[in-house]
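Asker: model this:
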Amino acid sequence: MSSRDPPPLLPPLDESPTDEVSHLVHLAPPSRRPKKKPSELSLASNSSRSLTLDRDGNPMTKVGEVPIDLLQSLYLSNPTTGGTPPSSRPTTPAQHEQVLQHHQSHSLAHARSRSADSAVSEFAAWPRSVVHSSRQTFPPVKRLAVKDRKRILVTGGAGFVGSHLVDRLMCLGHDVVVLDNFFSGSKLSISHWGGHPNFELVRADVVETFMVEVDQIYHLACPASPKAYQHNAVKTLKTNFMGTMNMLGLAKRVKARFLLSSTSEIYGSPEEHPQKETYWGNVNCVGPRACYDEGKRVAEALTYGYHRQDNVDVRVARIFNCYGPRMNSSDGRLVSNFIVAALRGEDLQIYGDGTATRSLMFVHDLVTGLIKLMSSSYTDPVNIGTEDEATVAEWATLIRDKVEEMRDRGEIALCVASDDEDGEEEVLGEGEGEEEQEDKLVLAGLERPRGRRSEIVYVDAVVDDPPRRRPDTTRAKEVLGWKPTYSIEAGIEETIRYFSAIESESASY
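Answerer: Numbering: from 1, shown residues only. Alright, predicted model coming up:
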């Protein structure tokens with residue numbers, strides 16, 4: 001393993017971009033901001049958390065039809081992460097009263113055995129961490145008329161993408177059944193819905209037959225990270241083949257609409273760039289990634305076989321690289337690997353020479369695309385992704401610089417190695433100014449995190465890693481009216497906050 005300078009980043013903002021990824025000029029690492037006093041920095045930090053900007057620079061208040069603060073509170077406020085709720089979250093009895101009136105949860109906790117005033121006052125008086133760890137109240141959901149409410153099955157609903165989809169569907173007022181074997185999913189991702197009358201969790205495997213009356217099926221079950229799906233290649237193939245066949249059989253029996261979560265991996269190492277849905281792909285059917293690539297290809301073949309032969313109502317989403325909160329920090333994906341390494345002050349490890357390209361999409365945009373596709377009448381495959389293409393080395397540099405920038409602003413805590421007998425990490429306070437943090441490090445006899453800035457290092461390339469990947473999203477724009485709304489900066493920052501909370505909580509034990 002050797003360390004060397006990464007390939008040149010995108011051109012500075014004051015120069016005319018000339019390379020093929022010039023449309024990503026806004027990805028250039030932000031300049032270091034001037035130091036602020038701790039008091040000033042704390043105010044800036046709070047305001048930035050409550051304000052998420054879209055790609056046009058406008059404040060975002062909703063994701064689809066759901067308030068953005070509500071969705072963020074489901075993972076940034078989760079007590080298992082040590083995160084904190086968005087600053088715009090209701091804090092007074094009057095604000096809580098308003099929320100409960102407009103988005104009343106169908107919860108037994110809201111029975112009229114005690115007055116609403118006393119319940120709201122008690123709720124507002126609790127510490128926020130206690131509020132979110134208590135099962136006496138659920139996240140607010142939209143009230144739907146019976147004729148508008150759907151019963152929806154989400155396979156793999158405890159996984160990274162599945163849990164965000166479940167959150168959205170629950171908040172929209174639908175009845176949701178989650179089917180998961182927890183091979184790569186986590187109960188913690190959906191624990192805030194446990195006990196809700198609209199929610200049902202079934203621990204089972206899609207390779208076994210399963211019967212439930214539903215209107216829609218989102219089939220997301222299958223590990224999506226190379227590390228996970230290569231761990232048990234035969235199981236991955238069985239999930240894609242037998243699991244998809246079982247879910248299609250269920251859709252046929254109960255007359256449900258079926259959406260297959262497919263992947264950009266079906267294009268293999270593409271010879272067409274960007275990749276359109278009409279491209280048939282270039283896949284190595286005997287390589288280490290074949291269990292996933294060919295598994296998804298046969299899943300698509302099964303889906304359209306049931307559609308043509310048995311008239312099953314189907315949708316197919318070809319999902320490109322996605323990132324966001326609730327990613328597994330150890331699953332080997334690009335964004336989670338880089339963020340966790342930068343937070344820990346470790347080297348950012350790149351496989352190969354760093355020139356391979358990826359187009360990254362924030363998870364909320366993906367979920368919006370899936371719901372739009374399910375609600376449409378379009379049955380052909382649709383690419384769901386962004387055209388924000390950059391090299392892996394550029395993504396690594398961007399993420400490292402963004403972590404350092406947020407750390408300097410005091411938005412995230414410092415996790416540093418400790419020399420005490422227990423060997424535990426020490427977390428230096430979130431919201432403190434950079435000078436205050438550095439003073440603590442000096443007093444502790446430590447440098448900046450783990451003694452130095454994270455470096456970008458290069459190791460041997462992995463087999464069959466696609467050299468370029470970017471979707472042609474014309475079909476999604478024209479047919480679904482869908483396009484990504486999250487800016488790269490907003491998505492990366494939100495993901496950094498999530499992993500920072502995870503790291504801070506881990507260091508506290």
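Asker: list the contacts for the residue sitting nearest the centre point of the chain?
Answerer: In the chain, the C-alpha closest to the average C-alpha coordinate belongs to Gly324, at a distance of 2.8 Å (CA atoms, centre = their mean). Residues in contact with Gly324 (CB atoms under 8 Å, 6 or more residues apart in numbering) are 160, 164, 362-364, 491, 494-495, 498. C-betas here are computed from N, CA, C, even on glycine.
Asker: again, only this time at 10 Å
Answerer: Applying CB atoms under 10 Å, 6 or more residues apart in numbering, one finds that Gly324 lies in contact with 75, 160-161, 164, 335-336, 360-367, 486, 491-492, 494-495, 498.
Asker: equivalent analysis for Thr485, please.
Answerer: By CB under 10 Å, 6+ apart, the contact list for Thr485 reads 52-56, 58, 60, 62-64, 362, 364-365, 368, 491.
Asker: of these, grab the buried ones for ChimeraX.
Answerer: The command below creates a ChimeraX selection of those among the contacts of Thr485 that count as buried (16 or more other CB atoms under 10 Å):
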select :52,55,60,63,64,362,364,365,368,491
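Asker: among the contacts of Thr485, which ones are in helices?
Answerer: Here DSSP state H is the test, and the contacts of Thr485 give 364-365, 368, 491 as lying in helices.
Asker: would TSV of those with distance to Asn284 be doable?
Answerer: Putting those into TSV (distance: CB to CB, whole Å) gives the following:
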residue	distance to Asn284
His364	33
Asp365	30
Thr368	33
Gly491	31
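Asker: got JSON lines for the residues you listed, with pLDDT and distance to Cys285 too?
Answerer: Output for the ones in helices among the contacts of Thr485, formatted as JSON lines (pLDDT from 0 to 100; distance: CB to CB, whole Å):
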{"residue": "His364", "pLDDT": "98", "distance to Cys285": "34"}
{"residue": "Asp365", "pLDDT": "98", "distance to Cys285": "31"}
{"residue": "Thr368", "pLDDT": "98", "distance to Cys285": "33"}
{"residue": "Gly491", "pLDDT": "96", "distance to Cys285": "34"}
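Asker: identify the farthest-apart pair in those residues.
Answerer: Farthest-apart pair in the ones in helices among the contacts of Thr485 is Thr368 and Gly491; separation 13.0 Å (CB to CB).
Asker: now do the shared contacts for those two.
Answerer: In contact with both Thr368 and Gly491: 362, 484-485, using CB under 10 Å, 6+ apart.
Asker: for Arg149, state which of the residues you listed is nearest.
Answerer: Of all those, Thr485 has the smallest distance to Arg149: 26.2 Å, by CB to CB.
Asker: got a pLDDT number for that closest one?
Answerer: What the model reports for Thr485 is a pLDDT of 96.
Asker: same deal with the one 3 residues further on?
Answerer: pLDDT for Ile488: 93.
Asker: look up phi and psi at it.
Answerer: Summarising the backbone geometry of Ile488 under the convention degrees, to the nearest 10, its torsions are phi -60, psi -40.
Asker: same deal with Asn58?
Answerer: phi -100, psi 150.
Asker: where does the prediction get shaky in this structure?
Answerer: Applying pLDDT under 70 to the chain picks out residues 1-50, 78-136, 414-452, 506-509.
Asker: show the buried residues in the contacts of Gly324.
Answerer: Using 16+ other CB under 10 Å as the burial test, those include 75, 160-161, 164, 335-336, 360-367, 486, 491-492, 494-495, 498 as buried.
Asker: helix or strand for Ile350, which one?
Answerer: For Ile350, the enclosing helix or strand under DSSP states H and E is strand 348-351.
Asker: hmm, I typed the wrong one, I wanted Leu260.
Answerer: Using DSSP H and E, Leu260 falls within strand 257-263.
Asker: pull up the pairing partners for that strand, direction included.
Answerer: Using DSSP bridges, the neighbouring strands of strand 257-263 in the sheet come out as strand 216-219 (parallel), strand 314-319 (parallel).
Asker: to Cys171, which of those lies closest?
Answerer: Proximity to Cys171, assessed across the strands paired with strand 257-263 by CB to CB, is greatest for strand 216-219 (15.4 Å).
Asker: continuing past the closest one, what's the next helix or strand?
Answerer: Scanning forward in sequence from strand 216-219, with DSSP H and E defining helices and strands, the next element found is helix 226-231.
Asker: that next one packs against which elements?
Answerer: Using 3 or more CB pairs under 10 Å, 6 or more residues apart in numbering; DSSP states H and E, the elements in contact with helix 226-231 are helix 233-238, helix 290-310.
Asker: so for stretch 462-475, what gets flagged as buried?
Answerer: Going by neighbour count (16+ other CB under 10 Å), the buried part of stretch 462-475 is 464, 466, 468-473, 475.
Asker: which residue ranges of the stretch 301-450 of the chain form helices?
Answerer: Along the stretch 301-450 of the chain, the segments classed as helices by DSSP state H, counting those that start in this stretch run 334-344, 363-375, 392-408, 434-443.
Asker: residues of the first one that come out buried?
Answerer: Pointing back at helix 334-344 there. Judged by neighbour count (16+ other CB under 10 Å), helix 334-344 contains these buried residues: 334-344.
Asker: chain center to it: distance?
Answerer: Computed by CA atoms, centre = their mean, to the nearest Å, the chain-centroid distance of helix 334-344 equals 14 Å.
Asker: just the longest one next, same as before
Answerer: Using CA atoms, centre = their mean, the mean C-alpha position of helix 392-408 is found 18 Å from that of the whole chain.
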